[in-house]
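K.L.:
what's the 3D shape of this:
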Amino acid sequence: MNEIKAKLLEMQQAIIDEIEDDHNKSVSAITHDIGDSIDYASEERDREFYQLLGERDRIKLQMIKEALERFDDESYGVCEDCDAEISKARLLALPFTKLCIDCKSEEERTKGNDLSFDLGNPKFSNMDGDDI
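P.N.:
Prediction:
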């Protein structure tokens with residue numbers, strides 16, 4: 001389990017470094033030169049892209065933080081749904097997972113395989129309930 005905790009800490013630092021880099025790119029994308037509307041639109045698109053990446057990274061960072069907290073309270077590696085031990089192979093592949101493979105499969109079967117939600121990118125719906 002020490003190798004998994006080390007992997008989580010490494011992932012955490014890599015995300016922190018990436019967030020800082022994305023922030024710096026976003027800030028540097030702001031220019032004070034007078035440009036045409038295409039330049040402005042391109043800069044705005046780049047800023048939005050870096051902010052979106054930053055938000056996904058912050059969500060992943062929170063998931064890693066929660067996994068490290070589970071190490072501290074000795075609940076790491078235990079499925080939150082069924083209390084079974086999560087396989088080491090699964091933990092190595094996805095060290096911040098909270099569910100064993102059986103519970104995750106059941107969740108995907110009942111809720112649909114929406115991986116974007118797992119990564120912190122929920123679908124949005126319009127007033128009629130249709131996904132947009």
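
K.L.:
where are the low-confidence patches of the protein?
P.N.:
In the predicted model, the chain carries pLDDT under 70 at residues 22-23, 25-40, 50, 53-54, 112-132.

K.L.:
Which parts of the chain are helices?
P.N.:
Secondary structure of the chain, counting by DSSP state H: helices at 2-29, 37-72, 88-93, 101-111, 115-118.

K.L.:
could you dump the ones you listed to CSV with mean neighbour count and distance to Asp81?
P.N.:
Heads up, the C-betas are built off the backbone N, CA and C, glycines and all. Listed next are these as CSV, based on neighbours: other Cβ atoms under 10 Å; distance: least, Cβ to Cβ, whole Å:
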stretch, mean neighbour count, distance to Asp81
helix 2-29, 14, 20
helix 37-72, 14, 14
helix 88-93, 13, 14
helix 101-111, 13, 4
helix 115-118, 11, 15
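
K.L.:
Dump these into TSV; add distance to Cys82 as well.
P.N.:
Formatted as TSV, the helices of the chain follow (distance: least, Cβ to Cβ, whole Å):
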stretch	distance to Cys82
helix 2-29	20
helix 37-72	16
helix 88-93	14
helix 101-111	6
helix 115-118	18
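
K.L.:
Identify whichever of those helices lies nearest to Cys79.
P.N.:
Smallest distance to Cys79 across the helices of the chain (Cβ to Cβ): 5.4 Å, for helix 101-111.

K.L.:
Export that closest one to CSV, keeping only CA atoms.
P.N.:
Presented in CSV, the C-alpha positions along helix 101-111 are these (Å, rounded to 0.1, in the frame of the first residue of the first chain):
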residue,chain,number,x,y,z
ILE,A,101,-15.0,-3.4,-9.5
ASP,A,102,-18.3,-5.2,-8.8
CYS,A,103,-19.9,-2.1,-7.2
LYS,A,104,-18.6,0.1,-10.0
SER,A,105,-19.9,-2.2,-12.6
GLU,A,106,-23.3,-2.3,-10.9
GLU,A,107,-23.3,1.5,-10.7
GLU,A,108,-22.5,1.9,-14.4
ARG,A,109,-25.2,-0.7,-15.3
THR,A,110,-27.9,1.0,-13.3
LYS,A,111,-26.9,4.6,-14.1
